[in-house]
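Undergrad: fold the following for me, if possible:
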Amino acid sequence: MTDDNASNSGGEFEREPVPNSALLGSGKFWGMYAGEHAAGTEFMIGPLFLAAGASLSDLLLGLLLGNFLAVLTWRFLVVPIAMAKRMTLYYQLERIAGGSLVKFYNLINGLLFCFLAGAMVTVSASAVGVPFDITFDVPSNMFGLSNPSFTALVAIVGIVIAAVAAGGYERVARFANIAAPWMIGVFAACGIVSLTQMDATNMAALSEGKYWTDAVAFVQEKNGSETFGFWQIVVFAWLCNGAMHFGMADLSIFRFARSKASGWAPAIGMFLGHYMAWIAAALLLAALIKLQPDLATGADGKVVANPGMLAYQSLGWAGIICVVIAGWTTANPTIYRAGLAFQGVLPKTSRTAMTLTAGAVATIAGAFPNLSAQLLGFVGTYGTILGPMGAVIFVDFYLLKRFGLRDEYATHSGIKVNSAVMIAWLLPVIVGLYLIFWQGIFAAYAVIPCWVACGILYLILSKFTQRTLPNQEALSHE
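TA: Numbers count the residues shown, from 1 in each chain. All right, here's what the predicted structure looks like:
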């Protein structure tokens, strides 16, 4: 690439390797992962563990193991490929799978990221509405709107989030760096205040956990009986970000890494966000149930985890501000990723325009509050859909040449659809979705089997579909 082409990329290098001059130090990644994962989703997911009937001991130990496995996956699966190729996920897939197939993948990828970001827009808007007495009504219909005032708040919050994300990765990382330390402190305060409100002020009270079991019993009486065991917690914590690590979406982030040490940055998000913050957010609901059970119950008589209300009852205005910013720091990088995906569908458009488009879609999704209440199942489902394509990248990078096959086959052959990739991706995903939606298995359980099956199928099918290219005979000797 010439310098002109590099400058035309706007510093984001969407269709070329990131040059050495644009690499970033580890601090940028630690701040971004702290901001993204000690963030808005935690206010939704934490209470969902309690509502699903998880025991306190299973939650403490299951999250510890699952988050450790997630960090190892980022560091040893994603980072080596990201630093070797220094390309976005979408451009790498285009070179492997062909432009037409990747456009279809990018469309699905971008839409799923928009739905996740939309849940965070809902979370932030729920907090903005508390001081204005704008209620967070949850309609009975999955795609029902809340009241007009709340829908207007969602629109305002969505515009602000999209504007930040459109500024590019540097702005996203800077926003997270500023917000993360304060937010992490507020999450910790939420947990401490909640324990104090429930008189769980010593180790005996904490180990007994009666406040937790009482809250679980209350929720299950209102919402119906559920169970969420140790291994479900482990698998969920490991694979709730399956699209980012097993699915290689964070190649787009770590392509900027100057050293492999940056690959440990997800640890701060996992253990301060997906461990401490999830538990603290769950304690918020437990405390609200003990002190003001009426506020925890919606108009339909079921328990509703309103993030803004939970934080306000614990920490007042500091809680509200934290929920607002927490939603932003999750939605910002998610919309950034979605914008890159949409740009992969329409390569001639600018990343800024596509990021703003992603922000608009996320804002529309955020107007449907019931979507944010389905996060435990949703994140496993999008990991099942997007994760297997990461196996294609893994096999292409590590194995194809060893078997005498051509890596990045679509680029070298000029094909628009690599049939080996298409079949290897879609077949396991169809089976996985069937098991999730028709057989009722826990969504996160399908991620790894689909990933492994996709990788094996891609390797086998490549052997049958690749035609001999010039100099391909020399591949086995490279």
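Undergrad: where does pLDDT dip in the chain?
TA: For the chain, the stretches flagged by pLDDT under 70 are 1-12, 40, 136-144, 165, 168-180, 202-209, 298-300, 329, 373, 468-478.
Undergrad: give me the contact list for stretch 219-234.
TA: 49-54, 58-59, 61-63, 65-66, 69, 285, 289, 297, 301-303, 442, 444 (Cβ atoms under 8 Å, 6 or more residues apart in numbering). For every residue, glycine as well, the C-beta is placed using N, CA and C.
Undergrad: got a quick PyMOL command for the buried subset of those residues?
TA: To isolate the buried ones among the contacts of stretch 219-234 in PyMOL, judged by 16 or more other Cβ atoms under 10 Å, type:
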select buried, resi 49+50+51+52+53+54+58+59+62+63+65+66+285+289+297+303+442+444
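Undergrad: could you list which of the contacts of stretch 219-234 belong to helices?
TA: Among those, the residues falling in helices (DSSP state H) are 49-51, 58-59, 61-63, 65-66, 69, 285, 289.
Undergrad: where do the helices of the stretch 51-200 of the chain begin and end?
TA: 56-73, 79-85, 89-97, 99-129, 148-165, 169-197 (DSSP state H, counting those that start in this stretch).
Undergrad: picking that back up, how about the ones in helices among the contacts of stretch 219-234 in CSV, adding distance to Leu145?
TA: Shown next, in CSV, are these (distance: Cβ to Cβ, whole Å):
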residue, distance to Leu145
Phe49, 27
Leu50, 27
Ala51, 23
Asp58, 36
Leu59, 33
Leu61, 40
Gly62, 36
Leu63, 34
Leu65, 40
Gly66, 35
Leu69, 38
Leu285, 24
Ile289, 27
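Undergrad: distance-wise, check Pro333 relative to Gly339.
TA: The gap separating Pro333 from Gly339 is 10 Å, by Cβ to Cβ, to the nearest Å.
Undergrad: turn the helices of the stretch 51-200 of the chain into JSON lines, columns for distance to Cys322.
TA: Below are those laid out as JSON lines (distance: least, Cβ to Cβ, whole Å):
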{"stretch": "helix 56-73", "distance to Cys322": "21"}
{"stretch": "helix 79-85", "distance to Cys322": "30"}
{"stretch": "helix 89-97", "distance to Cys322": "31"}
{"stretch": "helix 99-129", "distance to Cys322": "8"}
{"stretch": "helix 148-165", "distance to Cys322": "15"}
{"stretch": "helix 169-197", "distance to Cys322": "4"}
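Undergrad: so which of those is nearest Ser413?
TA: helix 89-97 (10.8 Å; Cβ to Cβ).
Undergrad: and that closest one with helix 99-129, angle?
TA: Angle of helix 89-97 versus helix 99-129, following axes from the mean of the first three to the mean of the last three Cα atoms, to 10 degrees, is 160 degrees.
Undergrad: got the contact list for Val123?
TA: Gly40, Thr41, Phe43, Met44, Pro307, Gly308, Val323, Ala326, Gly327, Ser372.
Undergrad: and the fourth one, which of the three is it?
TA: Just to be clear, that refers to Met44. helix (DSSP: H, G, I helix; E, B strand; the rest coil).
Undergrad: so it sits right up against Pro307, yeah?
TA: Yes. Contact criterion Cβ atoms under 8 Å: Met44 and Pro307 qualify, at 6.2 Å.
Undergrad: identify the residue nearest Ser252 in space, chain neighbours excluded?
TA: Nearest non-adjacent residue to Ser252, counting by Cβ to Cβ, 6 or more residues apart in numbering: Thr88, 4.3 Å away.
Undergrad: measure that neighbour to Val395 for me?
TA: Distance, Thr88 to Val395, by Cβ to Cβ: 19 Å.
Undergrad: which of those two has more neighbours?
TA: Thr88 (27 against 23; other Cβ atoms under 10 Å).
Undergrad: hang on, the earlier thing: who's more crowded, Met44 and Pro307?
TA: Under the neighbour definition other Cβ under 10 Å, Met44 and Pro307 were set side by side, and Pro307 has more, 34 against 26.
Undergrad: contacts only, for that one.
TA: Residues near Pro307 by Cβ under 8 Å, 6+ apart: Gly40, Phe43, Met44, Val123, Ser126, Ala127, Ala281, Val323.
Undergrad: could you redo the last one with a cut-off of 6 Å?
TA: With contact taken as Cβ atoms under 6 Å, 6 or more residues apart in numbering, Pro307 is in contact with Phe43, Val123, Ser126, Val323.
Undergrad: try Ser262
TA: Going by Cβ under 6 Å, 6+ apart, the list of residues near Ser262 reads Ser26, Phe29.
Undergrad: which SS class is it?
TA: Put simply, Ser262 is helix when judged by three-state DSSP.
Undergrad: quick one, what contacts the residue nearest to Ser252?
TA: Listed by Cβ under 6 Å, 6+ apart, the contact set of Thr88 reads Glu14, Ser252, Leu340.
Undergrad: now with 10 Å?
TA: 12-18, 82, 94, 249, 251-253, 255, 337, 340-341, 343-344 (Cβ atoms under 10 Å, 6 or more residues apart in numbering).
Undergrad: now, those residues that are in helices?
TA: Going by DSSP H, the helices hold Ala82, Glu94, Leu251, Ser252, Ile253, Arg337, Leu340, Ala341, Gln343, Gly344 from the contacts of Thr88.
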